[in-house]
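A.B. asks: Everything below, folded, please.
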Amino acid sequence: MLVAMASIVSSMSFRGEMMKQFGYRDYISQSKVGAQLLTSLKEGKLEGTQCTKCNISYYPPRAYCRECLSDGYIIGFIFSGKGTILSFSEVHVPPAGFERFTPYTVCIVELDEGGRLVGWIDPGSQSLKIGDKVRVKPEVIEGDRVVYKITRGSSPDVDIKAEKIAQNLVTGSNKLQGKVAIITGAGKGIGREIALKYAREGAIVVVAARTLSDIETVAKEIKQSGGEATPIKCDVGNVKSVQQLIEKTLERYETFDILVNNAGISKSALISKMTDDLWNSVINVNLKGTFNCIRAVIPHFSTKRPLGGKIINFTSTAAKYGNVGQSAYSASKWGVIALSKSAARELATYKVNVNCIMPGYIETAMTADTPSVYKEQTIAQIPQMRIGYPEDVAKVAVFLASSDSDYMTGSILQVDGGLRM
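C.D. replies: Numbers count the residues shown, from 1 in each chain. Coordinates of the predicted model:
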């Protein structure tokens, strides 16, 4: 079972101590599954989530599995809150709301249902020792930031029988009901998550990418969950391929309302060793590919009735700050920003909003090969003390595709946990 760590303190002493014991990946987990779970936690119930595909449990609950990068297999359950103390850790700078406890003692509990969590010792239970049987009770502070209180003996308010919650925890609010969306780079990572999220919000989704098997899998997932999706193979760097994507979409659905230019690649090399082929390949997909798609949809948006539409382009914090060995990638993503602002001005007459999402460090297949040392250094600089996940970006993509963002165009929304404030 994966250890899911509650994000319970902001002190550097605690960060260092817990990171040494559990590693960054465990400590950075946070509960972000919405009002339903928060209400239960405030009522004193212990809730977790489980990915039925990977058989991994998360405490506090997560709406997204970090192994298969999907929320399609997530279910929730209430567990007893019983467990055994495995170890202790003492923190001299307590988190907000717990300043009265100095030093602040936390412990690791092996849960009877499986899995582990970190909780704080109740002041009246300071005599607890390793091996003791304990009860765990949730405390909710600062919205969805969850900590667990460890107590000795029986605690009726958490003596709840384990039970499955049948419905999927992540349900849409139909913000995109009836809309048709084209998403490039939709076979994996962020694009895949946006496709799934849009479908849950009621959109008809055209999933596009170069690898047909990937988008067929995504389309199948959407259909199995009751949505509508069509996979169309497309290389955004190829003008003819992009034109075919638009034509096939119009042939099947007669219209479309949303274009998400997510397709992108990253190839690293120092400038002194950068080849023309490497430079051109990155620019061709990331920048020219975005341009190709925007140019191809203008005839449709200019004649669409009623007028209106959304174009969402993807840039990167690398565009703003640069990265060693990523001159091509950074340049291409800066170009996307300039292109988006020009397009926003030109397409405003057609009531088309053009905006950018600027993700920071997001855990996807593209970042999977990043050296662990670099990952750790990056996470240590993020105020929220965790890397991002595709679901974090997909939520912003829903906002920009919905009517909630109708008075926004030419904007850049940074999604990086505060890394590049």
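A.B. asks: Please make it C-alpha for all contacts and neighbour counts, starting now.
C.D. replies: Will do.
A.B. asks: now this protein, which segments are flagged as low pLDDT?
C.D. replies: The chain contains residues with pLDDT under 70 at 1-44, 59-60, 62-64, 71, 89-104, 123-124, 126, 139-147, 153-172, 365-375.
A.B. asks: Now whichever helix or strand Ala338 is part of - C-alpha only, CSV.
C.D. replies: Element membership for Ala338 (DSSP states H and E) is helix 327-347. What follows is helix 327-347, C-alpha atoms only, in CSV (Å, rounded to 0.1, in the frame of the first residue of the first chain):
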residue,chain,number,x,y,z
SER,A,327,16.2,26.2,-25.2
ALA,A,328,14.0,24.7,-28.0
TYR,A,329,11.2,23.8,-25.6
SER,A,330,11.3,27.2,-23.8
ALA,A,331,11.4,29.1,-27.0
SER,A,332,8.5,27.2,-28.5
LYS,A,333,6.4,27.8,-25.4
TRP,A,334,7.2,31.5,-25.3
GLY,A,335,6.1,31.6,-28.9
VAL,A,336,2.8,30.1,-27.9
ILE,A,337,2.1,33.0,-25.5
ALA,A,338,2.7,35.6,-28.2
LEU,A,339,0.7,33.6,-30.7
SER,A,340,-2.2,33.3,-28.2
LYS,A,341,-2.3,37.0,-27.5
SER,A,342,-2.4,37.9,-31.2
ALA,A,343,-5.1,35.3,-31.8
ALA,A,344,-7.1,36.6,-28.9
ARG,A,345,-7.2,40.1,-30.5
GLU,A,346,-8.0,38.8,-34.0
LEU,A,347,-10.7,36.3,-32.9
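A.B. asks: quick one: the next helix or strand after that helix to helix 327-347, angle?
C.D. replies: Following helix 327-347 in sequence order, the next helix or strand is strand 352-359 (DSSP H and E). Strand 352-359 runs at 160 degrees relative to helix 327-347, counting by axes from the mean of the first three to the mean of the last three CA atoms, to 10 degrees.
A.B. asks: Strand 352-359 pairs with which strands?
C.D. replies: Paired strands of strand 352-359, with direction, are strand 309-314 (parallel), strand 412-415 (parallel) (DSSP bridges).
A.B. asks: Let's see the last one as CSV, backbone CA atoms only.
C.D. replies: Think strand 412-415. Output in CSV follows, covering the C-alpha atoms of strand 412-415 (Å, rounded to 0.1, in the frame of the first residue of the first chain):
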residue,chain,number,x,y,z
ILE,A,412,-2.2,33.2,-19.0
LEU,A,413,-3.2,31.0,-16.0
GLN,A,414,-0.2,29.6,-14.1
VAL,A,415,-0.7,26.2,-12.5
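A.B. asks: so how far is it off the chain centroid?
C.D. replies: Distance, stretch centre to chain centre, for strand 412-415: 13 Å (CA atoms, centre = their mean, to the nearest Å).
A.B. asks: List the buried residues in stretch 114-125.
C.D. replies: For stretch 114-125, burial by neighbour count (16 or more other CA atoms under 10 Å) applies to Gly115, Arg116, Leu117, Val118, Gly119, Trp120, Ile121, Asp122.
A.B. asks: first vs last residue of that stretch, how far apart are they?
C.D. replies: 23 Å (CA to CA, to the nearest Å).
A.B. asks: Check the offset of that stretch from the chain's centre.
C.D. replies: Remark: stretch 114-125 is offset 28 Å from the chain centroid, using CA atoms, centre = their mean.
A.B. asks: circling back to that earlier point, from the buried residues of stretch 114-125, which single one is nearest Gly226?
C.D. replies: The closest of the buried residues of stretch 114-125 to Gly226 turns out to be Gly115 (CA to CA; 32.0 Å).
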